[in-house]
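Undergrad: turn this into a structure:
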Amino acid sequence: MTQKDLSGKVAVVTGGGSGLGKATASALVSRGVKVVIGDISEKLGEATVQELNAKEGGSKVASFLKTNVAKYQDNIALFQLAEKEFGGVDIAFLNAGIGRGWDSAFTELDDEADENLFNVNVMGVVKGTKVALLHLAKRGGGVIISTASIGAFSSNIGANAYCASKHAVVGWTRGFDLLPEIANVRVNAVCPAFVETNFMSAAKDETRSTPMYATHDATPKAKLETVIKAVLTLIEDETLNGETLLALPGDVIRSQPRPEQLPECITPKYLEVTAKVNKDSVSFYKDMLKTALEKYEKLSCT
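TA: You can find the predicted model right below:
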């Protein structure tokens with residue numbers, strides 16, 4: 001596929017202070033994109049922005065805001081900063097995530113510990129998508145990409161909580177088939193295999209005392225460059241929506257097919273009704289989007 005011209009575009013990247021987020025932000029800047037980075041770590045986020053701006057000869061191509069993606073207020077502030085600094089948002093890469101709490105089946109009955117992983121990995125994507133959608137729709141369209149995982153298509157007792165959170169991201173992503181017709185916005189997910197990043201190092205440390213620890217060194221790793229290439233594909237290829245794109249060892253990038261619809265649930269009447277519902281839904285949700293944008297504009301002015 002020929003590289004699409006991204007110059008002049010604006011991207012918001014969460015978890016952009018290190019690892020995949022930082023590497024993708026750097027790749028976007030090299031393609032002429034302005035980026036706004038959200039990260040829970042001020043130290044890493046500010047250092048990344050300084051590095052990106054210095055790389056472009058001191059021109060302001062990147063900004064940073066400390067962001068807890070599990071909070072609407074922080075997501076709103078992040079996207080509004082992008083609008084203030086660079087005029088709007090065309091691309092949202094909702095990459096922030098945590099691996100702490102991989103295995104929660106027999107750990108302490110601790111509300112905060114168990115909820116934290118889902119608040120960041122799942123609610124961070126849900127809330128980020130809802131805020132991004134308003135900004136992209138106002139801009140005339142764009143693309144939202146979330147970071148899922150190959151763990152979204154499997155699970156085991158040593159990583160059940162983490163995999164469940166990524167299953168949720170894929171389920172959320174695949175629900176937006178009609179969105180291009182409603183708002184000219186696409187929603188996709190990148191699903192990397194294990195990658196040697198600081199995220200993977202933290203997960204390895206947490207599982208050090210468990211049997212799962214042995215799998216870290218034995219599992220083939222994807223290259224960071226492969227994952228970035230997959231993210232750029234989801235940005236550039238305007239035919240992709242509701243896509244779950246695997247980034248695998250051996251520099252392999254391929255789609256993970258959706259499960260087939262259950263034949264027991266398909267009847268001629270069902271297909272007839274579904275076709276009408278989909279048609280009616282476009283108009284219905286266009287009206288909802290209009291109302292949501294009006295409310296958001298009032299919120300932005302307060």
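
Undergrad: hey, let's count contacts and neighbours off CA atoms from now on
TA: Noted.

Undergrad: in the stretch 201-302 of the chain, which spans are strands?
TA: In the stretch 201-302 of the chain, the segments counted as strands under DSSP state E, counting those that start in this stretch are 244-248, 252-255.

Undergrad: deepest in the core, which of those is it.
TA: Among these, strand 244-248 has the highest mean neighbour count (mean count of other Cα atoms under 10 Å), at a mean of 27.

Undergrad: quick check: Val273 vs Phe284, distance?
TA: 16 Å (Cα to Cα, to the nearest Å).

Undergrad: ok, Ser30 next?
TA: Taking Cα to Cα, one finds Ser30 at 40 Å from Phe284.

Undergrad: which of the two has more residues huddled nearby?
TA: Neighbour tally, Ser30 and Phe284, criterion other Cα atoms under 10 Å: the higher count belongs to Ser30, 16 against 13.

Undergrad: relative to Lys22, how far out is that one?
TA: Counting by Cα to Cα, the gap from Ser30 to Lys22 is 12 Å.

Undergrad: try Lys221
TA: For Lys221, the distance to Lys22 equals 19 Å [Cα to Cα].

Undergrad: who has more neighbours out of these two?
TA: With neighbours defined as other Cα under 10 Å, Lys221 and Lys22 compare such that Lys22 has more, 22 against 18.

Undergrad: thought Val49 was touching that one, still the case?
TA: No - counting by Cα atoms under 8 Å, no contact exists between Lys22 and Val49, whose distance comes to 9.2 Å.

Undergrad: need the overlap of contacts for these two.
TA: Where contact means Cα atoms under 8 Å, 6 or more residues apart in numbering, no residue is in contact with each of Lys22 and Val49.

Undergrad: Val12 - that's part of a helix, no?
TA: No - the assignment for Val12, made by DSSP: H, G, I helix; E, B strand; the rest coil, is strand rather than a helix.

Undergrad: for it, which residues make a bridge with it?
TA: Counting by DSSP bridges, Val12 is bridged to Val36, Ala92.

Undergrad: that one: neighbouring residues, count only.
TA: Per other Cα under 10 Å, the neighbour tally for Val12 reads 29.

Undergrad: pLDDT wise, what is the closest residue to Ala137 other than its chain neighbours at?
TA: Spatial nearest neighbour of Ala137, excluding adjacent residues (Cα to Cα, 6 or more residues apart in numbering): Ala183 at 5.5 Å. In the predicted model, Ala183 carries a pLDDT score of 98.

Undergrad: phi and psi next, for Ala183.
TA: Dihedral angles phi and psi of Ala183 (degrees, to the nearest 10) take the values phi -140, psi 10.

Undergrad: Lys286 is in contact with that one, correct?
TA: Yes - shown here, Ala183 and Lys286 form a contact pair, counting by Cα under 8 Å, at 7.2 Å.
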